[in-house]
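1. I would like the atomic coordinates for the input below:
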Amino acid sequence: QVTTVESGGGLVQAGGSLRLSCVGSGRTFVGRHMAWFRQVPGKEREFVASISWSGSSTDYADSAKGRFTIARDNTRNTVYLQMNGLKLEDTAVYYCATHISSAYNFRASAAYDHWGQGTQVTVSS
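-> So this is what the prediction gives:
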């Protein structure tokens, strides 16, 4: 199974910043819409942000608007999530994935595949 590989998580104080990275292979990245999701134990995976192949179209969950920025570097097969002004409630495992199904909208986890192992983000007070 070909997956993406996330990195950049860690422990940060509230109000701090982190930049997550997600590296895909050609098959999981080229021409693909990409997204970041997050999940806490006992809850469903939650949409955070998505970006089109060209980078011209982005979308954010309300919880991420104004604080997070999604970007991509297609020469490096990499998607980034810059997170500023982190809050306690941002604590989660963050995953990136490749959009594979037009049967669902871009915010639905069912539309995505090639999930990585995730990267833990912990925000402390």
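
2. so Arg76 sits right up against Val23, yeah?
-> Yes. Counting by Cβ atoms under 8 Å, a contact exists between Arg76 and Val23, whose distance comes to 7.5 Å. The C-beta positions use only the backbone N, C-alpha and C, and glycine is treated the same way.

3. Quickly list what Ala35 is bridged to.
-> Beta bridges link Ala35 to Ser50, Ala97, judged by DSSP bridges.

4. surely it meets Val48?
-> Yes. The pair formed by Ala35 and Val48 meets the contact definition of Cβ under 8 Å, at 7.4 Å.

5. Number of residues surrounding Leu88?
-> By the other Cβ atoms under 10 Å criterion, the neighbourhood of Leu88 contains 10 residues.

6. oh, I was asking about Thr69
-> Residues near Thr69, counting by other Cβ under 10 Å: 16.

7. Tell me, how many residues neighbour Thr78?
-> The local packing count at Thr78 equals 19, with neighbours defined by other Cβ under 10 Å.

8. so it bridges to which residues?
-> Here Thr78 sits in beta bridges with Val23, Asp73, going by DSSP bridges.

9. quick one: contacts for it?
-> 21-24, 72 (Cβ atoms under 8 Å, 6 or more residues apart in numbering).

10. Tell me which of Arg76 and Val23 has more neighbours.
-> Val23 (17 against 12).

11. who are the neighbours of the helix or strand that contains Val93, in terms of helices and strands?
-> Per DSSP states H and E, Val93 falls inside strand 92-99. With contacts defined as 3 or more Cβ pairs under 8 Å, 6 or more residues apart in numbering; DSSP states H and E, the secondary structure elements packing on strand 92-99 are strand 5-7, strand 18-23, strand 34-39, strand 46-51, strand 78-83, strand 112-113, strand 119-124.
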